[in-house]
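K.L.:
3D model of this:
(one chain, ligands or ions: 1)
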Amino acid sequence: MSVADLAEALGKDTDHVFEVMRYVDNSIDYTRPSSIIDNWQVMKDVVTKSGFRYNIIAPPGKKEENVKDKDVKKRPPPDPSVLKPRPPVVTIMGHVDHGKTTLLDALRHTAVVASEFGGITQHIGAFSVKLNSGKKNETITFLDTPGHAAFKAMRARGAEATDIVVLVVAADDGVMEQTVESIRMAKEANVPIVVAINKIDKSDADVERTKKALLSAGIQVEDFGGDVQVVEVSALKGTNLDLLVEVISLQAQLLELKADPTGLVEGVVIESSTNVHRGKLATIIVQRGTLKKGAVLVAGTAWAKVRGMFDDKGQPLLSGSPSTPVEIIGWRDLPSAGDEVLEVDNEKQAHEVVKFREMLKMKQKQEAAQVIIDAKTQEYLKEYKAQLEKKWLMGRRKVRREGPRPKEIEEDNSPHVSIILKGDVDGSVEAILDVLETYNFNDDCQLSVIHYGVGQVTENDIELAETFGAIIYCFNVDINKNVQQTLETKDVKVKHHNVIYKLVDDLKEEISSHLPEKEVEEILGEANVLQQFEVNEGRHKVPVAGCRCTKGVLKKSAFFRLVRGEETLFEGTLKSMRHLKSDVDSIRKGVECGLQLEDKTVCFQPGDILICYEMKSIPQKTSWDPGF
Ligand SMILES: Nc1nc2c(ncn2[C@@H]2O[C@H](COP(=O)(O)OP(=O)(O)OP(=O)(O)O)[C@@H](O)[C@H]2O)c(=O)[nH]1
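P.N.:
Numbers count the residues shown, from 1 in each chain. Next up is the predicted model:
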């Protein structure tokens, strides 16, 4: 930072910085506004002496590039003329243990049996069931992740992958908590329901009761005149599964499900996993376009160049049309279930999209972190202020924040200085208060901070100052015209400062001026005792010191101290001062004289010293050392 930069950061001019630097060590080299302050301590000192506080933060990173929106979005809705029928995508939902997994297994088994390839099914998150009857090539796609958690997760990401919900309700158990929850979620997503009343093979199965309970739960069962189809099945025994598939197919026909099989692929990730042999895998359901090998896909911040596609029987696929679950190999990163899948033109675009999305993600993370940091800072500041208040109240004996009551002032004649402190920012006021904290009341003058705050001087401040006889100290704040007018009618002192140490120096002077004057000795002269005489005073003989003035002057009216070696034998006034035979008022250096003390009992010896002094009153200075 240069001197000019620092001045700007402080909201001052460079003269201010140079002025403060006069009181800062090692700052002699910084003579021009462009001088770079390379000494950290100098920087800190200038800041604190200016009444600010500093925060140490990491240097700002590279300036954010002005990145263009490189994201890729879904295409606008297709022209109805290009739409082709597509299979329904079905999710099975229901209460715990009502038989979702068993039903899926049974349906998958049906699929295997019906499959022309045969082979072993593998779990890829979804599978297709070919209908035995009906139109040729008619299939249903089942999402192989039962339970509403998966459904919820998909919806939370805005992926409406499901066309029909099969609600499994165990006939022995009836409608339970998660049955109701599943109904609510399907309704919210506006997805039609087909009910599979399961476990009808069980002896305690009660289909009628279950239907009634469903009706109460808001399902318009067809037996009761509603439009929701109900199939009674046994997933375990395989009873009525064909019927269930037919009913689903019927429901799908009612929905007239269609999709655009042309153009760039759009889809949704159903499941993703890593396989030691095959690498990163993800099953997607194509929703638009037809997926081909070599296509480049983006899902969240992951991308893939499709190296291979497989169906749920592990058979390689050449293409994936809408509603078909396809397992894809070729992912560089694993996408997450529910991620929207979009085909892009080439790898370069995939890179750009991913980079852009990562940048957005990072930004969101930073913003979220900033919110937390801001909240923490606020919390810290609040705590800091509370502590400051507490500190001031505790330190009242030293420096009274509240100051004395007006009545106390009238009764209390001991020296005190009351102040009101107004500053431009919290930091400066607190910094000054911190300095005032170092004031030591041993000084015999009490310092009271009647009031402090941020902002301009107000009428209220003036009123307070008048009541308490306080001085208003302004740090970097002005007084507006109206307040100035009020001020002119009052006997209130206002002092302006914009450098802390100057404000403190001023306050020191103010405090000093309130201290009582101090009595000090002023040595006028010194005399050596040559011998003791005795003179008659009435009937008594009194001792007189025969001396020579060796330093300064001896004044008769002044005080004298008789010193013998280390010992002081007398302190007081003279009875008489003579030179030869005559009384004199003073004796100069080199002149001999006879001095008689007020105390006649004091005897003299040659070699004694008499010191002549006067008492003088001098103004006191406060001993307060604020540390700078
Ligand atoms: N008798 C009979 N038992 C069944 C039937 N369907 C499922 N079960 C049994 O009910 C129990 C629970 O079946 P699951 O398929 O695991 O139930 P789920 O709904 O998938 O359970 P969660 O995965 O825990 O939610 C198992 O012991 C099944 O064998 C059925 O039609 N008849």
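
K.L.:
tell me, how many neighbours does the nearest residue to E177 once chain neighbours are set aside end up with?
P.N.:
Distance criterion C-beta to C-beta, 6 or more residues apart in numbering; nearest residue to E177, sequence neighbours excluded, is H95 at 6.7 Å. C-beta here means a position set from N, CA and C on the backbone, and glycine is covered the same way. H95 has 23 neighbours, counted by other C-beta atoms under 10 Å.

K.L.:
E534 contacts G546, doesn't it?
P.N.:
No: under the contact definition of C-beta atoms under 8 Å, E534 does not touch G546, with a separation of 10.6 Å.

K.L.:
Neighbour count: the two, which is higher?
P.N.:
The residue with more neighbours, out of E534 and G546, is G546; 18 against 11, by other C-beta under 10 Å.

K.L.:
So that one versus F18, what's the distance?
P.N.:
In this view, G546 and F18 are 66 Å apart by C-beta to C-beta, to the nearest Å.

K.L.:
who's in contact with the residue nearest to H514 when sequence neighbours are not counted?
P.N.:
Of all residues beyond its chain neighbours, the one nearest H514 is P415 (4.2 Å), with distances taken as C-beta to C-beta, 6+ apart. Listed by C-beta atoms under 8 Å, 6 or more residues apart in numbering, the contact partners of P415 are D444, C445, Q446, H514, L515, P516.

K.L.:
Torsion angles phi and psi at P415?
P.N.:
Taking degrees, to the nearest 10, you get phi -60, psi 130 for the backbone angles of P415.

K.L.:
Which stretches in the stretch 401-550 of the chain count as helices?
P.N.:
With helices called from DSSP state H, counting those that start in this stretch, the stretch 401-550 of the chain shows them at 406-411, 426-436, 459-468, 481-488, 500-514.

K.L.:
May I have the residues that are in contact with M21?
P.N.:
M21 sits next to S27, Y30, V42, V46 when contact means C-beta under 8 Å, 6+ apart.

K.L.:
Distance check, the closest residue to Q220 other than its chain neighbours against the ligand.
P.N.:
The spatially closest residue to Q220, leaving aside those adjacent along the chain, is G226, at 2.5 Å (C-beta to C-beta, 6+ apart). Per C-beta to the nearest ligand atom, to the nearest Å, G226 is found 24 Å from the ligand.

K.L.:
can you pull the pLDDT of K407?
P.N.:
K407 is assigned 46 on the pLDDT scale.

K.L.:
Around the ligand, pick out the residues from this structure.
P.N.:
Remark: the part of the chain in contact with the ligand comprises 94, 96-102, 146-147, 198-199, 201-202, 234-236, using C-beta under 6 Å from any ligand atom.

K.L.:
Buried ones among those?
P.N.:
Of the members of the residues of the chain next to the ligand, the ones counted as buried by neighbours, 16 or more other C-beta atoms under 10 Å, are G94, H98, G99, K100, T102, P146, G147, N198, K199, S234, A235, L236.

K.L.:
could the residues you listed go into a markdown table alongside distance to D506?
P.N.:
Shown next, in a markdown table, are those (distance: C-beta to C-beta, whole Å):
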| residue | distance to D506 |
| --- | --- |
| G94 | 82 |
| H98 | 84 |
| G99 | 88 |
| K100 | 83 |
| T102 | 89 |
| P146 | 80 |
| G147 | 76 |
| N198 | 90 |
| K199 | 92 |
| S234 | 96 |
| A235 | 91 |
| L236 | 94 |
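
K.L.:
what's the most distant pair in these?
P.N.:
In terms of C-beta to C-beta, these reach their longest pairwise distance at G147 and S234, which sit 20.5 Å apart.

K.L.:
okay if I get the helices of the stretch 401-550 of the chain as a markdown table plus mean neighbour count?
P.N.:
Formatted as a markdown table, the helices of the stretch 401-550 of the chain follow (neighbours: other C-beta atoms under 10 Å):
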| stretch | mean neighbour count |
| --- | --- |
| helix 406-411 | 10 |
| helix 426-436 | 20 |
| helix 459-468 | 18 |
| helix 481-488 | 13 |
| helix 500-514 | 18 |
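
K.L.:
Lowest average confidence across those helices, which one?
P.N.:
The minimum mean pLDDT among the helices of the stretch 401-550 of the chain belongs to helix 406-411 (a mean of 48).

K.L.:
can you count the residues close to the residue in the stretch 251-400 of the chain that the ligand sits nearest to?
P.N.:
Sorted by distance to the ligand under C-beta to the nearest ligand atom, the residues of the stretch 251-400 of the chain start with E271, at 16.3 Å. Other residues within reach of E271, judged by other C-beta under 10 Å, total 21.

K.L.:
Surely it touches A337?
P.N.:
Yes: with contact defined as C-beta under 8 Å, E271 reaches A337; the gap is 5.7 Å.

K.L.:
Counting by contacts, list what the helix or strand hosting Q370 packs against.
P.N.:
Counting by DSSP states H and E, the element that carries Q370 is helix 347-394. Here helix 347-394 touches strand 296-299, strand 302-310, helix 426-436, going by 3 or more C-beta pairs under 8 Å, 6 or more residues apart in numbering; DSSP states H and E.

K.L.:
before we move on, back to that, please produce TSV containing the buried ones among the residues of the chain next to the ligand, extended by pLDDT and secondary structure.
P.N.:
Output for those, formatted as TSV (pLDDT from 0 to 100; DSSP: H, G, I helix; E, B strand; the rest coil):
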residue	pLDDT	secondary structure
G94	89	strand
H98	92	coil
G99	90	coil
K100	89	helix
T102	89	helix
P146	55	coil
G147	56	coil
N198	96	strand
K199	95	coil
S234	95	strand
A235	93	coil
L236	91	coil
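
K.L.:
what residue lies at the spatial centre of the chain?
P.N.:
Against the mean C-alpha coordinate of the chain, by C-alpha atoms, centre = their mean, the closest residue is I373 at 2.5 Å.

K.L.:
per-residue pLDDT, that one?
P.N.:
I373 is assigned a predicted lDDT (pLDDT) of 81.

K.L.:
got the contact list for it?
P.N.:
When contacts are counted by C-beta under 8 Å, 6+ apart, I373 is found next to no other residue.

K.L.:
Same check on Y613?
P.N.:
For Y613, counting by C-beta under 8 Å, 6+ apart, the contacting residues are E521, E522, I523, L524, A558, F559, F560, R561.

K.L.:
Which residue is the nearest non-sequential neighbour of W624?
P.N.:
Residue nearest to W624 in three dimensions, not counting chain neighbours: Y439, with 5.4 Å by C-beta to C-beta, 6+ apart.

K.L.:
Neighbours of that neighbour, how many?
P.N.:
24.

K.L.:
ok, it touching L447?
P.N.:
Yes: taking C-beta under 8 Å as the definition, Y439 is a contact partner of L447 at 5.1 Å.

K.L.:
picking up where we left off before, which among the buried ones among the residues of the chain next to the ligand gets closest to D13?
P.N.:
The shortest gap between D13 and any of these belongs to G147, at 69.3 Å (C-beta to C-beta).

K.L.:
so how far is the ligand from the residue nearest to H514?
P.N.:
For P415, the distance to the ligand equals 84 Å [C-beta to the nearest ligand atom].
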